[in-house]
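Asker: A predicted structure for the sequence below; I have some questions about it.
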Amino acid sequence: MFQDVNESMLSERMRFALNEVEQMGIRGLTAVPVKPTQEMLTAGARAGNISIETVMAVYTAMLRAAD
């Protein structure tokens, strides 16, 4: 996959990516799946005493608001 990429360039790209991930943490951000897992949906439903359908609607709205 990276056969045509110079090793030093790959290292530079990796350093850039790791720095971006670190900066996300500093800003209090994290990566979440676009589609929540069943476990996430169930936890949200229990925590809010709401249906899984409502949890999905809330989750989707939150992701859209973050863009």
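Answerer: Done, it's in. Numbering: from 1, shown residues only.
Asker: In the chain, mark out all the helices, start to finish.
Answerer: 7-26, 38-48, 52-66 (DSSP state H).
Asker: Need those helices in JSON lines (columns: mean pLDDT).
Answerer: Shown next, in JSON lines, are the helices of the chain (pLDDT from 0 to 100):
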{"stretch": "helix 7-26", "mean pLDDT": "87"}
{"stretch": "helix 38-48", "mean pLDDT": "98"}
{"stretch": "helix 52-66", "mean pLDDT": "96"}
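Asker: May I see those organised as CSV, with mean neighbour count and distance to Val32 added?
Answerer: No exception for glycine: its C-beta is placed from N, CA and C like everyone else's. CSV is the format used below for these (neighbours: other Cβ atoms under 10 Å; distance: least, Cβ to Cβ, whole Å):
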stretch, mean neighbour count, distance to Val32
helix 7-26, 10, 11
helix 38-48, 13, 9
helix 52-66, 12, 8
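Asker: gap between Ser8 and Ile26?
Answerer: 27 Å (Cβ to Cβ, to the nearest Å).
Asker: got it, and Arg13?
Answerer: 20 Å.
Asker: quick one, what contacts Gly25?
Answerer: Residues near Gly25 by Cβ atoms under 8 Å, 6 or more residues apart in numbering: none.
Asker: Could you measure from it over to Leu18?
Answerer: 11 Å.
Asker: likewise Val34?
Answerer: 22 Å.
Asker: Equivalent analysis for Arg64, please.
Answerer: 28 Å.
Asker: One more: Val55?
Answerer: For Val55, the distance to Leu18 - Cβ to Cβ - is 33 Å.
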